[in-house]
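**Student:** Prediction below, plus the sequence it came from.
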Amino acid sequence: GQECGRRAGTENVPYIAAMGQAADLLTSTAVESSGADETRQQWRLNAERMEGLRTRLLNNLQNGLGEENIRVNGPANPALRLPNTLSVGLRNVQSGELLKIISNKVAASAGSACHASGGGVSEVLKCINVPDEFARGTLRLSVGPGTTMEEVDAASDIIIAEAKRQIAGK
């Protein structure tokens, strides 16, 4: 597997197609069944809540490291990003080294989702013109429906402390 055995390397295409169909059913107003409206409403509430947590995570990192040292990878408009996922580059930080230190405290991954381990900068990050000083420090962080603000704040503090340690050591 990729990411040191933490996730699979080959995606299960039939399951992905089924997930797409489930998402279509969930968001379709044409489907009317017992509980469908409640399910849709809960889905929307979860998405809004996760977006708020994602934004809090980003704000914490910007406040702790300085906005000039943080670069969001992806659409400039936050409404066009996944509500639960933050891909962010930390200037002059080595994400692989950072993850070795924090991996028992914070679940995160480095580079892009399409990046195989190899130590170099992800081709995806290169293609979207992420400057090298940010690309090498790219982290992918996710929140879920059960994630708490306290967990987001704790993860932010851990990431900030290790990033500052790396930056001070340069």
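**Tutor:** Sure, I can see it. Residues are numbered from 1 along each chain as shown.
**Student:** tell me the mean pLDDT for the longest helix seen in the chain?
**Tutor:** Taking DSSP state H as the criterion, the chain has its longest helix at helix 36-65. Helix 36-65 shows a mean pLDDT of 92.
**Student:** partner strands of whatever helix or strand comes next after that helix, parallel or antiparallel?
**Tutor:** Once the chain leaves helix 36-65, the next helix or strand it forms, by DSSP states H and E, is strand 70-72. Take DSSP bridges as the rule and strand 70-72 pairs in its sheet with strand 85-90 (antiparallel).
**Student:** buried residues in the strand it pairs with?
**Tutor:** By neighbour count on 16 or more other Cβ atoms under 10 Å, the buried set for strand 85-90 is 86-90. (C-beta placed from N, C-alpha, C; glycine too.)
**Student:** Pull the number of nearby residues for Val72.
**Tutor:** 17 (other Cβ atoms under 10 Å).
**Student:** quick one: pLDDT of it?
**Tutor:** pLDDT, Val72: 95.
**Student:** same deal with Arg165?
**Tutor:** 96.
**Student:** For the helix or strand encompassing it, buried residues please.
**Tutor:** Secondary structure from DSSP H and E places Arg165 in helix 149-168. For helix 149-168, the neighbour count (16+ other Cβ under 10 Å) marks 152, 155-156, 158-160, 162-163, 166 as buried.
**Student:** got a list of contacts for that helix?
**Tutor:** 53, 56-57, 60-61, 64-65, 69, 90, 92-94, 97-98, 101-102, 105-106, 108, 137, 139, 141, 143 (Cβ atoms under 8 Å, 6 or more residues apart in numbering).
**Student:** Using ChimeraX, make a named selection holding only the buried ones among the residues you listed.
**Tutor:** With 16+ other Cβ under 10 Å as the criterion, this ChimeraX line picks the buried residues out of those:
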select :53,57,60,61,64,65,69,90,93,94,98,102,106,108,137,139,141,143
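**Student:** next one: the longest helix of the chain to chain centre, how far?
**Tutor:** On the basis of Cα atoms, centre = their mean, to the nearest Å, helix 36-65 is displaced by 12 Å from the centre of the chain it belongs to.
**Student:** Out of the buried residues of strand 85-90, which is nearest to Pro131?
**Tutor:** Gly89 (7.9 Å; Cβ to Cβ).
**Student:** What separation is there between that closest one and Ala17?
**Tutor:** 32 Å (Cβ to Cβ, to the nearest Å).
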